[in-house]
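Engineer: Here is a sequence with its predicted model. Questions after.
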There are 2 protein chains.
Amino acid sequence: MLDATFAALADPTRRAVLAQLADKGEATVTELAEPFDMSLPGFSRHLKVLEKAGLIERSRQAQFRPCTINPEPLKEASDWLADYRKLWEARFDRLDALLAELQSDPTQTAKEDHGDPSK
Amino acid sequence: MLDATFAALADPTRRAVLAQLADKGEATVTELAEPFDMSLPGFSRHLKVLEKAGLIERSRQAQFRPCTINPEPLKEASDWLADYRKLWEARFDRLDALLAELQSDPTQTAKEDHGDPSK
DNA sequence: ATGTTAATTAACTGATATGCTAAATAATTC
DNA sequence: GAATTATTTAGCATATCAGTTAATTAACAT
């Protein structure tokens, strides 16, 4: 699921669509496509990617197919990032500490903390 | 930048590499590749994707090229997603309200709240 | 029925992604 | 300097992506 979510978010057009939907709540295909310099079929495929990733949902009203955001996958992606963020930040702090240590005593390298790559 | 970041995160192998690095802090290519059923050249290209996206950095120690995480792009991605947090937090409230409304008066659907698409 | 509007599917192109094996580079060790 | 270890590049196959135009479906309006 994360695969499809991140892949969908990798395109600026698709991210902009989500931004529009976050703003408007609901919008039709042509309405969403308007800001982009792209053929409608081309744009339609972007929506399909978003839909397959579960990021948008489409209903039917007459000829229109109004789209809405489904934030679930965004939450999942955000949670994934949040889980690792703490670890990364902790690492980063440790790295800072390491650098400080190295500056004060250049002969004493930090193999104890990070493991020896040649091991 | 977000493009490359999200694209890099769209692959489970690459996410797992970041997870490993979050855990270990630093690791060599073969060490990182070990859990995966994949040729080393194939794996090396994944690292290249991560590096191009700025998610990892590589140094040199003898024949080894130890990798570390660079959390900057992850922070960017995380920040982008955070803008939508209100959306998924608000969603269930709105859905509850809508369902209650529909139960009390099934003919009156929720068009007023979201704008008329045919306009 | 006919035409109009909204949106998608079909069919094609060119670019990029992912995987492989085999060969090359780079540093180490004997 | 020859062999070993770590890693990347080259070259190739296949698949998916992003975009196009032309044709199609679906619903509405007259």
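Structural biologist: Okay, I see it. Numbers count the residues shown, from 1 in each chain, chains lettered A, B, ... in the order given.
Engineer: Tell me which helix or strand residue A:103 sits in.
Structural biologist: Applying DSSP states H and E as the criterion places residue A:103 in helix A:72-104.
Engineer: Okay, domains of chain A per the record?
Structural biologist: A:2-71, A:73-105 (automatic domain parsing).
Engineer: Throw those domains into JSON lines and include mean pLDDT and distance to DNA strand C, thanks.
Structural biologist: In this view, the C-beta of every residue, glycine as well, is placed from N, C-alpha and C. Shown next, in JSON lines, are these (pLDDT from 0 to 100; distance: least, C-beta to the nearest atom of the strand, whole Å):
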{"stretch": "domain A:2-71", "mean pLDDT": "96", "distance to DNA strand C": "3"}
{"stretch": "domain A:73-105", "mean pLDDT": "81", "distance to DNA strand C": "17"}
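Engineer: In JSON lines, list the ones you listed along with mean neighbour count and distance to residue B:1.
Structural biologist: Compiled in JSON lines, those are given as follows (neighbours: other C-beta atoms under 10 Å in any protein chain shown; distance: least, C-beta to C-beta, whole Å):
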{"stretch": "domain A:2-71", "mean neighbour count": "17", "distance to residue B:1": "11"}
{"stretch": "domain A:73-105", "mean neighbour count": "15", "distance to residue B:1": "15"}
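Engineer: Between helix B:85-104 and the helix holding residue A:103, find me the angle.
Structural biologist: 160 degrees (axes from the mean of the first three to the mean of the last three C-alpha atoms, to 10 degrees).
Engineer: Mind giving me the packing neighbours of helix A:72-104?
Structural biologist: helix A:2-9, helix B:12-24, strand B:67-69, helix B:72-82, helix B:85-104 (3 or more C-beta pairs under 8 Å, 6 or more residues apart in numbering or on different chains; DSSP states H and E).
Engineer: All set, thanks.
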